[in-house]
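S.K.: Make a model of this:
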Amino acid sequence: MGLQVGSQQGGPGVVQPNGQPGTATWFAILLAWILMAGVSVGTITGRAPITRQPAATASRRPPPWDAVTLVFGGDVHFESWLRDRVLADPDDALDDMAPLFADADLSVVNLETAVTTRGTRAPKQHTFRAPAEGLTALAAAGVEVVSIANNHGMDFGEVGLDDTLEAAAAADVDVVGGGMTEAAAYAPHRTTISGRRIAVFGATQVLDTFALDAWSPGPQRAGLASAKSTRAGLRHLLAGVRRASTVDDTVVVVLHWGQERRQCPLPRQRRLARRLVDAGADVIVGGHAHRVGPGGFLGDAVVHYGLGNLVFYISDGPGTASGALAVTIAPDDATTLQWRPAALRDGVAAPLDGARRAGALDAWRALRSCTALTAAAGAG
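M.R.: Alright, predicted model coming up:
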């Protein structure tokens with residue numbers, strides 16, 4: 001008699017009359033063979049093998065391996081002699097400012113000009129346009145991202161904006177704050193550095209009256225991202241920051257805001273900073289005043305109201321005070337900031353040293369008294 005699995009002659013696990021093992025005995029032998037061979041039970045049953053994962057932690061991600069340094073510079077255009085300078089030697093034209101960005105894992109500036117040879121001049125007193133070599137020069141100096149959300153980003157209309165985007169792509173420089181559609185204008189630049197997911201938005205709170213509608217993007221219309229509370233743009237910006245705060249580890253907003261030649265923030269700037277922090281922004285920096293402004297922490301978030309001029313056609317006066325803001329984020333999210341004083345030399349920021357650097361740092365720290373910002377995170 002052969003093996004009779006589960007027969008009436010002998011229940012499972014008993015030896016059959018022919019002396020062969022019963023069902024349970026055979027099952028035990030098979031299981032032992034599986035374990036010794038290292039074969040997955042899932043494979044035997046035709047299902048995918050089951051992989052056990054460690055228990056989930058409270059973090060959304062494993063911590064980055066290294067600290068990340070973000071460096072921000074101020075207003076940039078290429079008017080007058082600066083145009084000639086970048087046309088003559090784009091690879092070295094901005095060498096003076098390169099040390100400010102040398103250690104940056106990500107570097108961002110405000111590009112306050114259209115990059116085009118075409119288009120119709122906007123109906124305003126000052127309009128700026130630059131050759132494509134200006135973007136080549138920025139890239140050579142270490143700049144990776146520019147915000148064009150400002151009161152000059154569309155000085156030469158939609159065609160000028162389109163040319164700016166094409167020139168930036170050719171120079172391998174990413175653009176935020178403007179686009180050929182509303183979705184593109186409000187979309188952040190995204191990157192991952194040392195495991196840290198970073199989103200960078202650009203938006204402007206400063207627009208000429210004629211531009212409030214003319215430069216506002218639509219579903220199929222080019223324009224600039226707005227942060228004005230009287231327009232739908234601010235709702236778009238806040239919604240984007242909220243979404244980013246759920247998937248990105250660090251959310252940055254680059255703003256054009258404030259009043260020209262004023263160092264201390266206006267009430268509307270302080271209100272906007274608070275709304276952005278409440279929405280999930282971790283770093284907020286801005287320009288437009290053409291003056292160095294105060295910076296510090298609003299709770300755990302970095303806020304810097306004015307980065308001054310970085311590349312600009314002035315050679316004397318208070319507008320030559322310049323610098324760059326370095327924000328370093330540790331693997332545990334602890335954040336520190338460092339102001340790197342500079343001064344325009346022939347229109348290009350160059351780092352200061354010695355007594356001039358110390359004096360500029362003291363002046364920068366003193367500016368914080370006209371804000372609610374603190375020198376350290378979490379102190380306010």
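S.K.: quick check: domain ranges of the protein?
M.R.: As recorded under automatic domain parsing, the domains making up the chain are 1-46, 68-370.
S.K.: could those be laid out in JSON lines, adding distance to A379?
M.R.: Using the backbone N, CA and C atoms, a C-beta is placed for each residue, glycine as well. JSON lines is the format used below for those (distance: least, C-beta to C-beta, whole Å):
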{"stretch": "domain 1-46", "distance to A379": "54"}
{"stretch": "domain 68-370", "distance to A379": "7"}
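S.K.: looking at these, which has the lowest confidence?
M.R.: Of all these, the minimum mean pLDDT falls on domain 1-46 (a mean of 40).
S.K.: deepest of the domains of the chain, which one?
M.R.: The highest average neighbour count among those, using mean count of other C-beta atoms under 10 Å, belongs to domain 68-370 at a mean of 20.
S.K.: Name the SS class of H152, please.
M.R.: H152 falls in the coil class when you classify it by DSSP: H, G, I helix; E, B strand; the rest coil.
S.K.: For it, give me its contacts.
M.R.: In this structure, H152 makes contact with H77, E112, T113, A114, H126, T127, F128, judged by C-beta atoms under 8 Å, 6 or more residues apart in numbering.
S.K.: do W257 as well
M.R.: So W257 contacts T204, Q205, V206, A227, L266, R268, Q269, L272, G286, H288, Y305 (C-beta under 8 Å, 6+ apart).
S.K.: these two touch, right, the third one and N150?
M.R.: Pointing back at V206 there. Yes - the pair V206 / N150 is scored as a contact, 6.8 Å apart, by C-beta atoms under 8 Å.
S.K.: what sits in contact with each of these two?
M.R.: With C-beta under 8 Å, 6+ apart as the test, V206 and N150 both reach H256, H288.
S.K.: Looking at the contacts of W257, which is nearest A171?
M.R.: Among the contacts of W257, T204 lies closest to A171 (C-beta to C-beta), at 22.2 Å.
S.K.: Distance of the closest one relative to R356?
M.R.: Per C-beta to C-beta, to the nearest Å, T204 is found 32 Å from R356.
S.K.: same thing with S322?
M.R.: Applying C-beta to C-beta, the value for S322 to R356 is 12 Å.
S.K.: what's in contact with the helix or strand harbouring T328?
M.R.: Under the criterion of DSSP states H and E, T328 resides in strand 321-329. The contact list for strand 321-329, computed with C-beta under 8 Å, 6+ apart, reads 67-74, 97, 100-101, 103-104, 196, 250, 283, 285, 291-292, 295, 302, 304, 307-310, 335-344, 349, 360, 364.
S.K.: mind redoing it with 6 Å?
M.R.: Under the contact criterion C-beta atoms under 6 Å, 6 or more residues apart in numbering, strand 321-329 has outside partners 67-73, 100, 283, 292, 302, 304, 308-309, 335-344, 349.
S.K.: hey, which strand is longest across the protein?
M.R.: strand 335-345 (DSSP state E).
S.K.: Quick one: distance of the helix or strand harbouring R235 to the chain centre.
M.R.: Using DSSP H and E, R235 sits within helix 232-247. Here the centre of helix 232-247 is set off from its chain's centre by 13 Å, with C-alpha atoms, centre = their mean, to the nearest Å.
S.K.: Which parts of this structure are helices?
M.R.: For the chain, the helices defined by DSSP state H occupy 23-37, 41-44, 81-88, 133-140, 157-170, 182-186, 211-214, 232-247, 267-279, 354-367.
S.K.: Make JSON lines out of the ones you listed and add distance to V176.
M.R.: Shown next, in JSON lines, are those (distance: least, C-beta to C-beta, whole Å):
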{"stretch": "helix 23-37", "distance to V176": "56"}
{"stretch": "helix 41-44", "distance to V176": "47"}
{"stretch": "helix 81-88", "distance to V176": "22"}
{"stretch": "helix 133-140", "distance to V176": "14"}
{"stretch": "helix 157-170", "distance to V176": "10"}
{"stretch": "helix 182-186", "distance to V176": "9"}
{"stretch": "helix 211-214", "distance to V176": "18"}
{"stretch": "helix 232-247", "distance to V176": "11"}
{"stretch": "helix 267-279", "distance to V176": "15"}
{"stretch": "helix 354-367", "distance to V176": "26"}
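S.K.: out of those helices, which comes closest to V108?
M.R.: Nearest to V108, of all the helices of the chain, is helix 133-140, at 10.7 Å by C-beta to C-beta.
S.K.: Tell me the bridge partners for V115.
M.R.: A130 (DSSP bridges).
S.K.: can I assume it is in contact with R129?
M.R.: No - counting by C-beta atoms under 6 Å, R129 is not a contact partner of V115; they are 7.3 Å apart.
S.K.: what's near enough to touch the residue nearest to D172 when sequence neighbours are not counted?
M.R.: Nearest residue to D172 in three dimensions, chain neighbours excluded: A139, at 5.9 Å (C-beta to C-beta, 6 or more residues apart in numbering). If you count contacts by C-beta under 6 Å, 6+ apart, A139 has them with A171, D172, V173.
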